[in-house]
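[1] here you go, sequence then predicted model.
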Amino acid sequence: MSTLDRLIAIIAKEADKDPTTLSASSSFEGDIGLDSLALVEVILKIEEAFNVNVPDHEVQKFKTLGDVVAYLDK
């Protein structure tokens, strides 16, 4: 399973979205409808699933799922 697929599974579950509607270009605020508090909760799930610690200054750069994938894959 790719990083994007794993991320989509997490986001779909946490945001109650159909995973087929999510892609790398999906924006957290516009397409997915996550406010800043919900995004923090999702980031915690991502950190747990990928066994990483994402600094706050990096989280602020995340606008789309693709941004998160690029961070996780580096």
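    Okay, I see it.
[2] okay, now residue 42: neighbour count?
    22 (other C-beta atoms under 10 Å). Every C-beta, even on glycine, is put in place using the N, C-alpha and C of the backbone.
[3] got the contact list for it?
    By C-beta atoms under 8 Å, 6 or more residues apart in numbering, the contact set of residue 42 is 10-11, 14-15, 28, 34.
[4] now do the same for it: its pLDDT.
    We note a pLDDT of 95 for residue 42 in this prediction.
[5] residue closest to the middle of this protein?
    Taking C-alpha atoms, centre = their mean as the criterion, residue 65 is the residue nearest the geometric centre of the chain, at 5.1 Å.
[6] check contacts around that residue.
    Residue 65 neighbours (C-beta under 8 Å, 6+ apart): 4, 7-8, 11, 22-26, 28.
[7] the longest helix in the chain is where?
    If you go by DSSP state H, the chain has its longest helix at helix 36-50.
[8] and the pLDDT at the residue nearest to the centre of the chain?
    97.
[9] likewise for residue 47?
    For residue 47, the predicted pLDDT is 97.
[10] got it, and residue 35?
    The confidence metric pLDDT takes the value 89 at residue 35.
[11] what's the neighbour count on it?
    9.
[12] what of the one 4 residues further on?
    When counting by other C-beta under 10 Å, one arrives at 18 neighbours for residue 39.
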